[in-house]
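> quick one, fold the following:
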Amino acid sequence: MSIDIDKISATLEALREIGFGEIYVLRQEEKKDDKSLLLKQLYERLERERKCVLYESASGYVFGEGDPNSPVVFVGEAPGEEEDKLKRPFVGRAGKYLNSKLEEVGLKRERVYITNVVKSRPPGNRPPTKEEMASCLPYLRKEIEIIKPKLIVCLGSTAMKGILGKEYPITKYRGRTFPYPYENSIKVFLTYHPAYVLRNPLSEREFVEDLKTILTLISEA
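The predicted model follows:
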């Protein structure tokens, strides 16, 4: 999109003539900063309220990270041992595998947003319970509300259960889209968790196909 400087100057001069003393232009970076600030405040609230019940069994909370203006949010199950240590999501073996596959299809990690259903590591890396998920879901929903993505990618059936409140057999429903119940304009997409693919190498082809589908869904949105 080209910008007509002469028209902008004429408009600004006309506004000054009718009494506007100062005019502020909201840049895209400032919108991004607004989202970053809101996410920072949400994280501070999470730390302050400590309502996610797994907090006491872990070393603290692991919040989401990435581009707050991303059209896609990847949602995993819970932080693991490495995530608990570094206080960052998806930085262990599964996270590194995810990064490599994202780059393989043309998506860079720093251009997406990645988070988890629960914000603290469950003991022994076990799946979070229904109660544990329920205690953290308000914060996840607020993350999504702030970012306003076009697409939520659920990495595994536990993430899908957290997002939609229903359990779907992943081998049957992966690669499908569903409406997000809290915002009609957002789609939800189910694929494998990277840790599952590492344990089941034959599923890698389907996982990569799903990542390519994600690119298509984003472009269509």
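> now the helices for this protein?
All helices of the chain, identified by DSSP state H, fall at 5-17, 28-49, 81-86, 93-104, 130-147, 157-164, 170-173, 194-199, 204-220.
> from these, which stretch is densest packed?
Mean neighbour count (mean count of other CB atoms under 10 Å) peaks for helix 157-164 among these, with a mean of 23. Every residue, glycine included, has its C-beta placed from N, CA and C.
> for it, packing partners?
Using 3 or more CB pairs under 8 Å, 6 or more residues apart in numbering; DSSP states H and E as the contact criterion, the neighbours of helix 157-164 among helices and strands are strand 72-76, helix 130-147, strand 151-155, helix 170-173, strand 187-191.
> run through the bridge partners of the nearest residue to residue 144 once chain neighbours are set aside.
Distance criterion CB to CB, 6 or more residues apart in numbering; nearest residue to residue 144, sequence neighbours excluded, is residue 73 at 6.1 Å. The bridge-partner assignment for residue 73, based on DSSP bridges, gives residue 113, residue 152.
> try residue 66
If you apply DSSP bridges, the partners that residue 66 bridges to are residue 113.
> any stretches of this protein with poor pLDDT?
Applying pLDDT under 70 to the chain flags residues 1-32, 55-57.
> mind redoing it with 50?
1-3, 20, 22-30 (pLDDT under 50).
> hang on, the earlier thing: surely the residue nearest to residue 144 and residue 150 touch.
No - using CB atoms under 8 Å, residue 73 makes no contact with residue 150, being 9.4 Å away.
> more neighbours, the two?
The residue with the greater number of neighbours, taking residue 73 and residue 150 and applying other CB atoms under 10 Å, is residue 73; the counts read 27 against 16.
> residues contacting residue 185?
Under the criterion of CB atoms under 8 Å, 6 or more residues apart in numbering, the contact partners of residue 185 comprise residue 150.
> who touches the residue lying closest to residue 167 once chain neighbours are set aside in this structure?
Leaving out its chain neighbours, the residue that sits closest to residue 167 by CB to CB, 6+ apart is residue 161, at 4.9 Å. Taking CB under 8 Å, 6+ apart, we find residue 161 in contact with 133, 167-168.
> so which of the helices of the chain is nearest residue 115?
Evaluated over the helices of the chain, closeness to residue 115 peaks at helix 130-147, with 5.8 Å, by CB to CB.
> residues contacting that closest one, please?
Contacts of helix 130-147 with the rest of the structure, by CB under 8 Å, 6+ apart, involve 35, 38-39, 42, 45-46, 51-54, 64, 68-70, 73, 75, 113, 115-119, 122, 128, 152, 158, 161-163, 180, 182-183, 186.
> OK, contacts around the residue nearest to residue 206 when sequence neighbours are not counted?
Spatially, and ignoring its direct neighbours in sequence, residue 206 is nearest to residue 174 (6.7 Å; CB to CB, 6+ apart). If you count contacts by CB under 8 Å, 6+ apart, residue 174 has them with 190-192, 206, 210.
> and those, which two are furthest apart?
Greatest spacing in the contacts of residue 174, by CB to CB: 190 and 206 (11.6 Å).
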